[in-house]
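Engineer: Show me how the following folds:
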Amino acid sequence: VLGFVKQGLRDLSISRTTFKWGVPVPGDDDHVMYVWIDALANYISALGYPNMDEGSSFDKFWPGSLHVVGKDILRFHAIYWPAFLMAADLPVPKRLFAHGWWTKDGEKISKSLGNVIDPVELVEK
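Structural biologist: Here you go, the predicted model:
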């Protein structure tokens, strides 16, 4: 991440033309919104944003004390995500922790592989 930042940061497009799934950009059928811009809107609206009053869900839960991410998406969460939040004048997570691959039976846990662990099932044990 530090090496990437030392190269100099440039503007980041928040739309993509390389795939069709996503939220369409109004007025441009060739573009869809970058998935993380859509995610940000979902995350903050789930907490009642723009209500940021003291005692609101947004006030209580945003920002997270610890943002835990996989190593393959560290750059995004260490650089792009905070930039989106700062551009929206929202506080960034207090700490970021990137972990290595979580594995099951020697393979990376993946929805694609179908080897995910159900957290509800674990709690019930």
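Engineer: Show me what counts as buried in the lengthiest strand in the chain.
Structural biologist: Assignment by DSSP state E gives strand 28-33 as the longest strand of the chain. For strand 28-33, a neighbour-count test (16 or more other Cβ atoms under 10 Å) marks 31-33 as buried. Using the backbone N, CA and C atoms, a C-beta is placed for each residue, glycine as well.
Engineer: Including distance to G100, could these go into TSV?
Structural biologist: Formatted as TSV, those follow (distance: Cβ to Cβ, whole Å):
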residue	distance to G100
H31	35
V32	31
M33	30
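Engineer: Residues contacting the longest strand of the chain, please?
Structural biologist: For strand 28-33, the external contacting residues (Cβ atoms under 8 Å, 6 or more residues apart in numbering) are 14-17, 19-25.
Engineer: Out of the residues you listed, which sit inside strands?
Structural biologist: Short answer: the contacts of strand 28-33 in strands (DSSP E) are 15-16, 24-25.
Engineer: Among those residues, which pair sits farthest apart?
Structural biologist: Maximum pairwise distance among those (Cβ to Cβ): 11.2 Å, between R16 and P24.
Engineer: more crowded one of the two?
Structural biologist: R16 (16 against 13; other Cβ atoms under 10 Å).
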